[in-house]
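**Q** A structural model of the following input is requested.
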Amino acid sequence: MLTPEQLRDITESPYKADFPLLAKHPEIVFLDSAATAQRPACVLDAERTFYETMNANPLRGLYRLSVEATESIEAARARIASFIGAVDGTGKPQASQIVFTRNASESLNLVARTLPQVVGLGPGDDVVISIMEHHSNIIPWQQVCAATGANLVYLRLDDDFTITQDEVEAKIGPAAKIVSVTHVSNVLGVENDVAAIAARAHQMGAKMVVDGAQSVPHLSIDVKALGCDLLAFSAHKMGGPMGIGVLWGTSELLDAMPPFLTGGEMIDSVTETSAVWAPVPQKFEAGTQDAAGSYAFDAALAYLQDHDMAALETREHLLATYLTDQLAALDFVHVIGPADGARHVGAVAFNVEGVHPHDVASILDMGNVCIRAGHHCAQPLLAYLGESSTCRASIAFYNDKQDIDALVEGLKTVWQVFNGS
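**A** Just a heads-up that it's a prediction; the model follows:
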């Protein structure tokens, strides 16, 4: 339960004016940021600025426009590296450890196609994931295990929606070669103890992969503190453009991994019978990159840094707590996940008694309240929880108490429509 002072802190949002869609349409209550975030004006401006002032193919030209386009990509890499704590002992960003992809899903597919070759994955080996993974961190590993004869092992939740240390030690043993776990569940909003899981993985000689799609937008990330070897996330969940993803990895591992896609700009030299790969990160970036998207993502991260990620994280913590408390106060709503709102990072799943989530979302939309309904690309998790689909409300720092209150009033309307009282 929030204090009166905390409630005052989230009563109104000082950020909505920065987001054109929200500013122009104050009637919209956007509670689907776990799917994609809104974009601040500076990001929209940056994308246009790129095309108006430096539109050229990066890496391929020696003329000024091409050089500026290339420099914009490298500046974005450096900011991303700094944002996630990928720095050397002097604090210098390790920009070469940042690989651009289209999204977190592509980053995870890149890892699934290349990392098994590095670790020598084969029959009898284990790939360990959790039951709460997004399909993007399940299907690639299913295919890898089918092709190599390795075992796909699942970390499961206890009744408190926690992957316990006992479970970690039981499932990650000497046979483990790869461990790939989400940092924050896109359904439950639960944060996993990635550092502890990574420590066990490394103790057993395995590589640790983290799906950060739902954590990097909401939490202060330090890849060294997490102890991971590879981290995947997307720009569009952080106020950046769609179509830009990131894969971070240690230099040693990225150097060892073979290319995922081949073609232009990922080579150093080519003969009729062979090729020499370009150094990392270009080795993984075949073809023309979305330079404008990278430039706009740089602007999105600058916006977050200017507003202090720690302060934004605190605000979202209060919003998630208020959201969970308000949903739990409705006797016809069942919150799926921890009762403690402080344990929800960004997202809260719930169902309305006797009403299908699609109907809930449709009726809420009639009142301009936007939530998600369905299986959230996490069908194994929902099956494990005994659910076929759920509603999901997800917040970002630009939300406020009024948005959550509008959701609650909308849910009361849903109940009245189906029950008449």
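
**Q** Residue nearest the middle of the protein, spatially speaking?
**A** Nearest to the mean C-alpha position of the chain, by C-alpha atoms, centre = their mean, lies residue 213 at 0.9 Å.

**Q** Kindly indicate whether that residue is helix, strand or coil.
**A** coil (DSSP: H, G, I helix; E, B strand; the rest coil).

**Q** Got the phi and psi for it?
**A** phi -60, psi -40 (degrees, to the nearest 10).

**Q** cool, and residue 178?
**A** phi -140, psi 130.

**Q** quick one: what helix or strand has the residue nearest to it when sequence neighbours are not counted in it?
**A** Excluding its sequence neighbours, the residue lying closest to residue 178 (C-beta to C-beta, 6 or more residues apart in numbering) is residue 127, at 4.8 Å. Using the backbone N, CA and C atoms, a C-beta is placed for each residue, glycine as well. Using DSSP states H and E, residue 127 maps to strand 126-130.

**Q** Likewise for residue 349?
**A** With DSSP H and E as the criterion, residue 349 is inside strand 347-352.

**Q** Would you mark the buried spots in that strand?
**A** 347, 348, 349, 350, 351, 352 (16 or more other C-beta atoms under 10 Å).

**Q** Okay, helices next: where are they in the stretch 151-300 of the chain?
**A** For the stretch 151-300 of the chain, the helices defined by DSSP state H, counting those that start in this stretch cover 165-171, 194-203, 223-226, 251-256, 291-306.

**Q** average model confidence for the first one?
**A** Predicted confidence along helix 165-171 averages 98 (mean pLDDT).

**Q** how far is it from where the chain is centred?
**A** Distance of helix 165-171 from the chain centroid (C-alpha atoms, centre = their mean, to the nearest Å) equals 25 Å.

**Q** what does it contact?
**A** Under the contact criterion C-beta atoms under 8 Å, 6 or more residues apart in numbering, helix 165-171 has outside partners 128, 153, 154, 155, 156, 158, 193, 196, 197, 200.

**Q** Show me what counts as buried in that helix.
**A** 167, 168, 171.

**Q** Give me the domain ranges for the chain.
**A** 4-30+308-419, 47-306 (automatic domain parsing).

**Q** quick revisit: I'd like to know which of the contacts of helix 165-171 is nearest to residue 207.
**A** residue 128 (10.7 Å; C-beta to C-beta).

**Q** My guess is the residue nearest to residue 178 contacts residue 141. True?
**A** Yes - counting by C-beta atoms under 8 Å, residue 127 does reach residue 141; the two are 5.1 Å apart.

**Q** Quickly list what's touching both of those two.
**A** In contact with both residue 127 and residue 141: 152, 178, 180, using C-beta under 8 Å, 6+ apart.

**Q** and the second one, how many neighbours?
**A** If I follow you right, that is residue 178. 27 (other C-beta atoms under 10 Å).

**Q** Bridge partners for it, pull those for me.
**A** residue 127, residue 207 (DSSP bridges).

**Q** Select, out of the domains of the chain, the one closest to residue 41.
**A** Counting by C-beta to C-beta, residue 41 lies closest to domain 4-30+308-419 out of those; the figure is 5.5 Å.

**Q** Give me the average confidence score over the closest one.
**A** Domain 4-30+308-419 comes out at a mean pLDDT of 97.

**Q** just stretch 132-145 next, same as before
**A** 98.

**Q** Can you tell me the closest non-neighbouring residue to residue 262?
**A** residue 286 (5.7 Å).

**Q** so the one you found sits right up against residue 277, yeah?
**A** No - contact criterion C-beta under 8 Å: residue 286 and residue 277 do not qualify, at 10.3 Å.

**Q** Overlap in contacts, the two.
**A** 259, 266.

**Q** where's the residue located most distally from the centre of the chain relative to residue 2, distance?
**A** Among residues of the chain, the one most distant from the C-alpha centroid is residue 272; the distance is 40.9 Å, by C-alpha atoms, centre = their mean. Going from residue 272 to residue 2 by C-beta to C-beta, to the nearest Å gives 68 Å.
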